[in-house]
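K.L.:
generate a structure from the sequence data that follows.
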Amino acid sequence: MKLNRLPIRQLRQCIKQQARPEYIQIRSVSTSPSLRRRAQIQSPPTLKSHNTQHAYSTSIPASQFLFGQPVHETHPHLLKPGELTPGITAQEYHERRAALCALLPPNSAVVLRSADLQYRSGAVFHAFRQESNFLYLTGFSEPESLAVLRRTDGAPDEYIFHLLCRPKDPRAEQWNGPWSGVDAARDVWNADEAGDIKHSAAILTNALRGVEKVFTDAERTKHGVETPFGSMLKQVAPRISSFSPLKPYVNALRAIKSPAEIANMRHAGQQSGRALTAAMRGSWTSEKELAAFLEYSYQMSGLDGQAYIPVVAGGSRGLLIHYTLNNAPLESGEMVLVDAGGEYGTYITDITRTWPLSGKFSPAQRDLYTAVLKAQRSSVSLCRASANLTLDQLHSVTERGLRQELKQLGFDLSGNAMDVLFPHHVGHYIGLDVHDIPGYPRNVVLKEGHCITIEPGVYVPDDERFPRHFRGLGVRIEDSIAVGDDNPFILTTEAVKEVEDIEALKS
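P.N.:
You can find the predicted model right below:
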């Protein structure tokens with residue numbers, strides 16, 4: 001099933017009006033103002049059908065019910081009616097699942113395993129982040145969960161959605177915080193069949209009965225040893241001799257973003273860009289101080305937080321592409337290279353700006369910065385379907401542009417000079433992940449809805465081959481872009497990058 005898409009040119013107006021696409025819900029989705037909590041009954045492991053008659057012992061308003069993640073009834077300031085995650089409706093999640101199943105052969109199933117809670121040290125854990133494909137297909141953001149999509153014998157895009165998770169447990173939740181429970185998996189997240197994750201072997205045996213092919217990326221072996229998940233999968237599907245990777249099929253769907261996804265990324269880019277421009281106005285004495293300001297600004301603007309550990313690199317530390325220590329002092333005569341961005345609804349933005357801490361570029365800083373900016377502008381203009389280019393071809397275009405500019409500045413570019421000065425690719429895909437859809441090739445012709453970065457950089461080491469006045473300077477300029485039909489849609493335009501605009505901020 002092909003998802004409905006709006007052209008980029010129409011999307012701009014849609015975002016300007018702050019309107020989200022409305023959908024008619026064709027699957028049963030609970031958006032009522034109250035949600036009933038089912039009585040806890042000890043029973044043998046059975047599937048809970050969507051059509052099963054429930055016996056209820058209590059009834060409470062959904063706004064007073066504790067879920068493991070925001071829902072509209074409890075967080076109307078974050079979610080609109082019908083949305084499961086910010087900006088993304090239950091209908092869109094259904095369409096994603098249907099589109100995936102339409103790509104798969106008959107008598108097949110998809111098995112998705114949630115991410116595990118990761119620990120920083122001892123009992124101290126990181127904030128939970130759902131596995132991206134699991135989140136993309138379900139909108140359910142809790143650990144200890146399994147999802148199964150069983151393609152039915154009907155139309156190619158028809159399927160049965162099984163969601164297994166933790167049942168409600170007041171005593172455990174008192175210690176660990178709330179989770180949503182089995183009934184919510186069915187009534188809110190729209191699972192056809194929901195069950196207790198503790199009974200996953202028995203439930204999956206039934207769910208996968210008659211399946212001839214299973215698609216999964218969950219880890220079945222580790223260091224040559226079968227994982228508990230791999231052992232269970234072998235037990236519940238003994239007739240399946242081999243399992244196929246799911247990633248190529250999901251990547252094909254995730255690569256082309258829907259209008260709602262692009263709207264989320266535009267919001268993240270807009271707020272992050274404003275934070276960076278505000279940072280350029282400020283006076284900073286340390287990388288740590290600047291990094292803290294950006295993270296604070298993301299939170300205060302309504303974003304979820306930072307999308308990744310930022311690079312805040314003063315002076316020659318800007319030559320270190322993934323410098324993330326961010327703990328050195330900043331000197332007035334230096335430039336600072338900042339690679340940072342926030343996220344919204346788990347969709348990220350990726351921005352890099354380089355600016356002089358004094359507010360004014362020195363002649364050498366201005367020349368090198370202008371060279372990179374010209375190459376970046378040229379490549380951004382080609383981020384349109386009508387250009388018929390791939391990311392790899394955009395890289396070649398960018399490298400030629402940088403070579404021309406650097407020659408004019410007196411650089412000797414013989415031998416491996418360009419590999420030293422411009423050692424990374426010009427861009428990557430973005431979306432739910434900073435480096436989105438891993439494994440999706442860069443030699444695919446870009447189409448409307450692809451979202452990428454364009455980030456040329458020049459890093460001049462202390463090498464006698466290069467002009468002395470440029471040595472120790474590092475410049476990278478990066479924007480997040482949604483590929484349009486005839487024009488690029490720059491998602492991060494609020495982060496100023498023209499020389500005159502940067503210098504005007506402190507004048």
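K.L.:
so what's residue 135 up against?
P.N.:
Residues in contact with residue 135 (Cβ atoms under 8 Å, 6 or more residues apart in numbering) are 85, 141, 346, 432. From N, CA and C alone the C-beta is placed, and that goes for glycine too.
K.L.:
show me which pair in those residues is furthest apart.
P.N.:
Spanning the widest gap among these are 141 and 432, at 11.5 Å by Cβ to Cβ.
K.L.:
intersection of neighbour lists for these two?
P.N.:
Common neighbours of residue 141 and residue 432 (Cβ under 8 Å, 6+ apart) are 135, 346.
K.L.:
what about the helices in the stretch 251-400 of the chain?
P.N.:
Assigned by DSSP state H, counting those that start in this stretch, the helices in the stretch 251-400 of the chain fall at 259-281, 287-300, 363-380, 391-408.
K.L.:
run the chain-centre distance for the last one.
P.N.:
Same thing as helix 391-408. 28 Å (Cα atoms, centre = their mean, to the nearest Å).
K.L.:
buried set for that helix?
P.N.:
Using 16 or more other Cβ atoms under 10 Å as the burial criterion, the residues of helix 391-408 that qualify are 391, 393, 394, 395, 397, 398, 399, 401, 402, 403, 405, 406.
K.L.:
the third one against residue 427, yeah?
P.N.:
The reference is to residue 394. Yes - Residue 394 is within contact range of residue 427, at 6.5 Å (criterion: Cβ atoms under 8 Å).
K.L.:
find the residues that touch each one of these two.
P.N.:
residue 454.
K.L.:
what helix or strand is residue 453 located in?
P.N.:
strand 451-454 (DSSP states H and E).
K.L.:
and for that strand, what's in contact with it?
P.N.:
Here strand 451-454 has contacts from 257, 261-262, 265, 350, 376, 379-380, 383, 391, 394, 398, 426-431, 436, 446, 478-483, 491, using Cβ under 8 Å, 6+ apart.
K.L.:
please work out which of the helices of the stretch 251-400 of the chain is packed deepest.
P.N.:
helix 259-281 (a mean of 23; mean count of other Cβ atoms under 10 Å).
K.L.:
low-confidence ranges, the chain, go.
P.N.:
Applying pLDDT under 70 to the chain flags the ranges 1-60.
K.L.:
try 90 this time
P.N.:
1-65, 153-157, 220-226, 228, 230-231, 234, 238-242, 507 (pLDDT under 90).
K.L.:
distance to residue 122 added to the buried residues of helix 391-408, as TSV?
P.N.:
TSV is the format used below for the buried residues of helix 391-408 (distance: Cβ to Cβ, whole Å):
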residue	distance to residue 122
391	42
393	49
394	46
395	44
397	50
398	46
399	47
401	50
402	47
403	51
405	51
406	50
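K.L.:
quick check, nearest of these to residue 216?
P.N.:
residue 391 (28.0 Å).
K.L.:
which residues sit in contact with the nearest residue to that closest one once chain neighbours are set aside?
P.N.:
Excluding the flanking residues, the one nearest residue 391 by Cβ to Cβ, 6 or more residues apart in numbering is residue 442, at 3.9 Å. Remark: with contacts taken as Cβ under 8 Å, 6+ apart, residue 442 is in contact with 390, 391, 392, 395, 425, 428.
K.L.:
check residue 384 too.
P.N.:
Contacts of residue 384 by Cβ under 8 Å, 6+ apart are 446, 483, 484, 485, 486, 487, 488.
K.L.:
can you check residue 126 too?
P.N.:
By Cβ under 8 Å, 6+ apart, the residues touching residue 126 are 117, 118, 119, 120.
K.L.:
give the contact list for residue 371.
P.N.:
Residue 371 neighbours (Cβ under 8 Å, 6+ apart): 402, 405, 406, 408, 409, 458.
K.L.:
how about the fourth one: what's its closest non-neighbour residue?
P.N.:
Closest residue in space to residue 408, ignoring its immediate chain neighbours: residue 371 at 7.8 Å, by Cβ to Cβ, 6+ apart.
K.L.:
how near is the one you found to residue 362?
P.N.:
Separation of residue 371 from residue 362 (Cβ to Cβ, to the nearest Å): 14 Å.
K.L.:
now do residue 125
P.N.:
Applying Cβ to Cβ to residue 125 and residue 362 gives a distance of 46 Å.
K.L.:
that older thread, with distance to residue 109 added, can I get the helices of the stretch 251-400 of the chain in TSV?
P.N.:
TSV is the format used below for the helices of the stretch 251-400 of the chain (distance: least, Cβ to Cβ, whole Å):
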stretch	distance to residue 109
helix 259-281	26
helix 287-300	39
helix 363-380	42
helix 391-408	33
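K.L.:
helix, strand or coil for residue 149?
P.N.:
When classified by DSSP: H, G, I helix; E, B strand; the rest coil, residue 149 comes out as strand.
K.L.:
which residues touch it?
P.N.:
Counted by Cβ under 8 Å, 6+ apart, residue 149 has contacts 97, 100, 101, 109, 110, 112, 137, 159, 160, 161, 162.
K.L.:
residue 296: which of the contacts of residue 371 is nearest?
P.N.:
residue 458 (30.7 Å).
K.L.:
burial count for that closest one?
P.N.:
26 (other Cβ atoms under 10 Å).
K.L.:
give the pairing partners of the helix or strand containing it; include direction for each.
P.N.:
Here residue 458 is covered by strand 457-459, with elements defined by DSSP H and E. If you go by DSSP bridges, strand 457-459 pairs up with strand 474-476 (antiparallel).
K.L.:
coming back round to it: could you dump the contacts of residue 371 into JSON lines and include distance to residue 227?
P.N.:
Below are those laid out as JSON lines (distance: Cβ to Cβ, whole Å):
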{"residue": "402", "distance to residue 227": "46"}
{"residue": "405", "distance to residue 227": "51"}
{"residue": "406", "distance to residue 227": "50"}
{"residue": "408", "distance to residue 227": "56"}
{"residue": "409", "distance to residue 227": "54"}
{"residue": "458", "distance to residue 227": "45"}
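K.L.:
now, the most widely separated pair of these?
P.N.:
408 and 458 (13.0 Å).
K.L.:
can you get me a residue count around the closest residue to residue 152 other than its chain neighbours?
P.N.:
The shortest distance from residue 152 to any non-neighbouring residue, by Cβ to Cβ, 6+ apart, is to residue 158 (4.6 Å). Look at residue 158: counted by other Cβ under 10 Å, it has 14 neighbours.
K.L.:
residue 158 contacts residue 94, correct?
P.N.:
No - the pair residue 158 / residue 94 is not scored as a contact, 11.2 Å apart, by Cβ under 8 Å.
K.L.:
hmm, back to that, the residue nearest to residue 391 and residue 350, how far apart?
P.N.:
Residue 442 is 16 Å from residue 350, by Cβ to Cβ.
K.L.:
check the gap between residue 261 and residue 177 for me.
P.N.:
28 Å.
K.L.:
who's in contact with the spatially most central residue of the chain?
P.N.:
The structure's the chain has its C-alpha centroid closest to residue 432; by Cα atoms, centre = their mean the separation is 1.5 Å. By Cβ under 8 Å, 6+ apart, residue 432 lies in contact with 132, 135, 136, 254, 346, 347, 348.
K.L.:
quick check: closest non-adjacent residue to the last one.
P.N.:
Put plainly, it is residue 348. Nearest to residue 348 is residue 307, by Cβ to Cβ, 6+ apart, at 3.7 Å.
K.L.:
same question, the first one
P.N.:
Nearest residue to residue 132, sequence neighbours excluded (Cβ to Cβ, 6+ apart): residue 432, at 4.6 Å.
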